[in-house]
Structure formats: structure tokens, C-alpha cells
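Student: Let me see the structure of the following:
(2 chains)
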There are 2 protein chains.
Amino acid sequence: MSEPAFQRARSAEAKQAREAAILDAARTLGRVRGVRDVTLTDIAAAVGMHKSALLRYFETREQIFLALTAEGWREWSAELRADLGRRSEATSAEVAAVFAGTLAARPMFCDLLAQAPLNLERNVSIESVRSFKLVTLKEVELIGGELGRLLGLDESQGVDMIATATSLAGALWQMATPGPRLRELYMSDPRLGHAVVEVEPRLNRVLSAYLRGLGVGAAATS
Amino acid sequence: MSEPAFQRARSAEAKQAREAAILDAARTLGRVRGVRDVTLTDIAAAVGMHKSALLRYFETREQIFLALTAEGWREWSAELRADLGRRSEATSAEVAAVFAGTLAARPMFCDLLAQAPLNLERNVSIESVRSFKLVTLKEVELIGGELGRLLGLDESQGVDMIATATSLAGALWQMATPGPRLRELYMSDPRLGHAVVEVEPRLNRVLSAYLRGLGVGAAATS
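Tutor: So this is what the prediction gives:
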């Protein structure tokens, strides 16, 4: 079996380059098709490797997408915290809008947020899921710090807020992105108009009311 | 190929009995193992039919579990509305507690709530997904009526509340029910203690603050 695009890695640098190429291919395919429809064979083909060669770098397709979920957490958290960090104060409505806007701007991350607990975390080694969990816990702690500073949320309230925002973003994205036949049904059957979901407005409304209802800090006055 | 437990259905009644037996078997297997791990072959074996015979009654495993999701909506909605219907008034905290309690008491329904938009709705005929959607829309309307009566929620707020409660119940249940290896990791690594999720308390806290934050009707004074 030949490996058209790559020769066997001879150094740590070459190994890293291959891992990055695999992640790039999975990211591109996931964005275009949705994560559920991307197989390990698809990724191998896109990166120009044979599947058996790819398995020297990642144990399963789920490990690849779990790595992209961790990347998604780091990138989303960085942008969210950069936005919140520029503010010396904020209302609950403003914080909710930043959460909803930054999540809705990342469709593949929303897809992955729903896929992770259902599928991805269950088909990888214990070490892969440990390193994924440690990434998310660190980002939750960092985001929680901003929520404490701006709205006075305590640690438990911060964790609830972040879990609610990410869980809802994942679930709403799945509902808002049905397969082609379901989409056709929504458009053709007037009884089902209500079933069409828009991620950002609903997420914004729900998170805004939730933060206001906590009645803490500046949130109580917004 | 013989059909040990059933002879070929000769009447509408016999057909209904077989469909009910198939749904019973899927329900039992889904409760014990989790929906993700139940195959069509498993269901056929449990009901004493060959897989090819079972396919005369249901088109895919997803259609079977989507039928159980519709059943879950009807049963949950009936219990929720019976509880709310006995009250002449209620605070937002009381309504949140009824939502959280009735959802958390239905682990397989929570599992199905997460599986439906990701998997089940995508692998069935357009007629199956239409009839499923019409069931959920009807129950959402009925529950929305109670939310309007007790808390003064308008139609859009009612839909948001029900979508939030069911989306979060599905996502939190998935997080609270990891595979055996992930569960072991949570128990053995003290850094991951925070990652363990309890469905009912978190759902109760989030829905209670959300309803309070809407600031409508009795919710404003609870």
C-alpha cells in the first residue's frame, strides 16, 4: 500500500505535521457535511493517506473529533473572554448576547458540543477523554472568572451558565440543521412552521432571562 | 426462515399486537442498555422475530425509537399537566421543580430527547418524522397552555421554556450517564470531580432562574 501524499514520518516534527493535516481534513469535512457523516475513510482519503496509516496517529474517528472539540473550546473561550475582558461592567443581557453570538458563529463547534457526550467521549481511550475533560475544565474556570467579575456569579452559577449555554447551543444547532428531507417537510407543511429553530435568538433570550433570574450583581439591575 | 414467537399476522389486530411487542422489546432494551447500544437485530431477537420479518412493521431502528420518543412526549406531558393542572397558582420555582422532577424521573425519555434530533429524525421516512413532529407540537401547545395559565407566559415564552427544559434534560442526561470507562475516570481523578453532572438539581436551578428572569405573572413574585 503506498501513501501518496506523505512518506512515513521520520521525526517528531513530521509526525506533528501529519496530525495537523489529519485534523485540518476532518475540520473541513465536518464543516461541509456535518460531523455525523464524516468517516475515518473520508478523512484518510482527504489527507491522502491510507486508513491503516492514519490509525498510527489517531485511534478512532471519535478521537479526531474530540481533539477538534477541545480546540473549539479553547478558541471559543478565547474569543468570549476577549470580548468580556474589554468591558469594565456588563448587564446580564449584554453577557447573554456575547455567549449567544460567539456560539452561533461557530456551527461546527455547536455540532461537536452535542456529539461529544453522545458519541465522541464513548469511543476513545481513557487518556484521550481525560485530556479532553481537563481542557474543558480549564476553559470553564477561565470563563467563570469573567462571569464572577462582571455579574458576581459564584463558581456553581458560572458552571451552570456555561453548561446551559453549551448544552443548548449543541441541541438547538442539531434542531436548526435538519437533514434535507426534514428541512423540506418544515418548508412544505404549514403546521410545522413552529418547529424551525433559530439558534442565536433563542439562545440569547433564554440565557438573558436565566442570568437576570439569578438576580446577582449587575444582572439584578439590567 | 421460521418465526418462532409469532405466526404471520392475518388481521389488523394481530399486526397491532406485533407492533406493540416490538415497541415493548425496544423499550426494555433501551432502558437497560441505553438507546445507542440497541440494534435492530437485538430488538428482533428479544421479540422472537427474524430481522427481515420485523422490517415489515418498522422501516429502521430509528423509526422504532422515534415512536418511543413520541410516546415519551405524550406520557411526560400528561403527567406534567396533571401535576400543574391541580394547582390554581404556582411560583416559577414550583413550576421549575415539576419540570425537573418529571423529566429526571424518565431516564429513557431524556436519552431519546438527545438522540432524536441527532440521529432518529434523520433515518426515517418523511411521513414518520411528520407524525412525530405533530405529536410534539400538540404536546408543546398543551403544556404551553398551563404555563400561560399559571405564570402568564405567552406562546413564544412557553415554546422557549419547553425547548430549554427538554434540550437540557437530554444533554444533561448524556453527561450524567457516561460509559463505564469515563465513569471510572470521574471517580478516580479528583480534578474531574466537577465534571460529574446531576440532572435534576441543575435542571431545577436553571429553569427556576430562567422563569424568574422572565419576570411575568406569579413568576415575578416568587
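
Student: name the helices or strands packed onto the least confident helix or strand in chain A by mean pLDDT?
Tutor: The weakest-scoring helix or strand in chain A, judged by mean pLDDT, DSSP states H and E, is helix A:180-188 (a mean of 82). On a contact count with 3 or more Cβ pairs under 8 Å, 6 or more residues apart in numbering or on different chains; DSSP states H and E, helix A:180-188 meets helix B:126-151. Yep, even glycine has a C-beta here, placed from its N, CA and C like the rest.

Student: If you count neighbours, what's buried in the following helix or strand past the helix it packs on?
Tutor: For helix B:126-151, the succeeding helix or strand toward the C-terminus, using DSSP states H and E, is helix B:155-176. Within helix B:155-176, the residues that count as buried by 16 or more other Cβ atoms under 10 Å in any protein chain shown are B:157-176.

Student: What about chain A: which of these touch it?
Tutor: For chain A, the contacts drawn from the buried residues of helix B:155-176 by Cβ under 8 Å from any Cβ of the partner chain are B:159-160, B:163-164, B:167-168, B:170-172, B:174-175.

Student: Do you know the pLDDT at the single nearest residue of chain A relative to chain B?
Tutor: Per Cβ to the nearest Cβ, A:G213 is where chain A lies closest to chain B, at 2.9 Å. You'll see A:G213 listed with a pLDDT of 96.

Student: A:K15 now?
Tutor: Confidence at A:K15, expressed as pLDDT, is 89.

Student: what do you get for A:W173?
Tutor: A:W173 is assigned a pLDDT of 94 by the prediction.

Student: Now do the contacts for it.
Tutor: Counting by Cβ atoms under 8 Å, 6 or more residues apart in numbering or on different chains, A:W173 touches A:107, A:110-111, A:113-114, A:199.

Student: ok, 6 Å please
Tutor: A:110-111, A:199 (Cβ atoms under 6 Å, 6 or more residues apart in numbering or on different chains).

Student: Please report how far it lies from B:R31.
Tutor: Per Cβ to Cβ, to the nearest Å, A:W173 is found 28 Å from B:R31.

Student: again, but for A:R202
Tutor: In this view, A:R202 and B:R31 are 31 Å apart by Cβ to Cβ.

Student: again with A:L182
Tutor: On the measure of Cβ to Cβ, A:L182 and B:R31 end up 27 Å apart.

Student: And A:V95, by the same measure?
Tutor: The gap separating A:V95 from B:R31 is 40 Å, by Cβ to Cβ.

Student: now A:A165
Tutor: Distance from A:A165 to B:R31, counting by Cβ to Cβ: 30 Å.

Student: Equivalent analysis for A:L23, please.
Tutor: 38 Å.

Student: which of the two has more neighbours?
Tutor: Shown here are A:L23 and B:R31; by other Cβ atoms under 10 Å in any protein chain shown, A:L23 has more neighbours (19 against 13).

Student: Which strands and helices lie in contact with the stretch of helix or strand that one belongs to?
Tutor: Assigned by DSSP H and E, A:L23 belongs to helix A:12-33. With contacts taken as 3 or more Cβ pairs under 6 Å, 6 or more residues apart in numbering or on different chains; DSSP states H and E, helix A:12-33 sits against helix A:40-47.

Student: Could you list the residues of chain A in contact with chain B?
Tutor: Proximity of chain A to chain B (Cβ under 6 Å from any Cβ of the partner chain) is limited to residues A:117-118, A:121-122, A:126, A:129-130, A:133, A:160, A:164, A:167-168, A:171, A:174-175, A:179, A:181-182, A:185, A:192, A:195, A:205-206, A:209-210, A:212-214.

Student: what bits of chain A have low per-residue confidence?
Tutor: Scanning chain A for pLDDT under 70 picks out the ranges A:1-10, A:194-195, A:217-222.

Student: tally of neighbours for A:E75?
Tutor: Neighbour count for A:E75, taken as other Cβ under 10 Å: 14.

Student: Report the angle between the host helix or strand of it and helix A:126-151.
Tutor: Per DSSP H and E: A:E75 is located in helix A:61-85. For helix A:61-85 against helix A:126-151, the angle by axes from the mean of the first three to the mean of the last three Cα atoms, to 10 degrees is 20 degrees.

Student: that older thread, got the contact list for the least confident helix or strand of chain A?
Tutor: Applying Cβ under 6 Å, 6+ apart, the external contacts of helix A:180-188 come out as A:192, A:196, B:121, B:126, B:129-130.

Student: Pick the one among these closest to B:G101.
Tutor: Among the contacts of helix A:180-188, B:E121 lies closest to B:G101 (Cβ to Cβ), at 27.0 Å.

Student: quick one on the thing from earlier: just how off-centre is the helix holding A:L23 within its chain?
Tutor: Distance of helix A:12-33 from the chain centroid (Cα atoms, centre = their mean, to the nearest Å) equals 17 Å.

Student: Using PDB, write out every CA atom in that helix.
Tutor: Below are the C-alpha coordinates for helix A:12-33, written out as PDB (Å, rounded to 0.1, in the frame of the first residue of the first chain):
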ATOM      1  CA  ALA A  12       8.500  14.300  15.800                       C
ATOM      2  CA  GLU A  13       8.100  17.400  13.600                       C
ATOM      3  CA  ALA A  14       6.900  15.300  10.700                       C
ATOM      4  CA  LYS A  15       4.500  13.400  13.000                       C
ATOM      5  CA  GLN A  16       3.000  16.700  14.200                       C
ATOM      6  CA  ALA A  17       2.600  17.900  10.600                       C
ATOM      7  CA  ARG A  18       0.700  14.800   9.800                       C
ATOM      8  CA  GLU A  19      -1.500  15.100  12.800                       C
ATOM      9  CA  ALA A  20      -2.200  18.700  11.900                       C
ATOM     10  CA  ALA A  21      -3.000  17.600   8.300                       C
ATOM     11  CA  ILE A  22      -5.500  15.000   9.600                       C
ATOM     12  CA  LEU A  23      -7.200  17.500  11.900                       C
ATOM     13  CA  ASP A  24      -7.400  20.000   9.000                       C
ATOM     14  CA  ALA A  25      -9.000  17.400   6.800                       C
ATOM     15  CA  ALA A  26     -11.500  16.400   9.500                       C
ATOM     16  CA  ARG A  27     -12.300  20.000  10.200                       C
ATOM     17  CA  THR A  28     -13.000  20.900   6.600                       C
ATOM     18  CA  LEU A  29     -15.200  17.800   6.000                       C
ATOM     19  CA  GLY A  30     -17.100  18.300   9.300                       C
ATOM     20  CA  ARG A  31     -17.900  21.900   8.400                       C
ATOM     21  CA  VAL A  32     -19.100  21.000   4.900                       C
ATOM     22  CA  ARG A  33     -21.100  17.800   5.700                       C
END
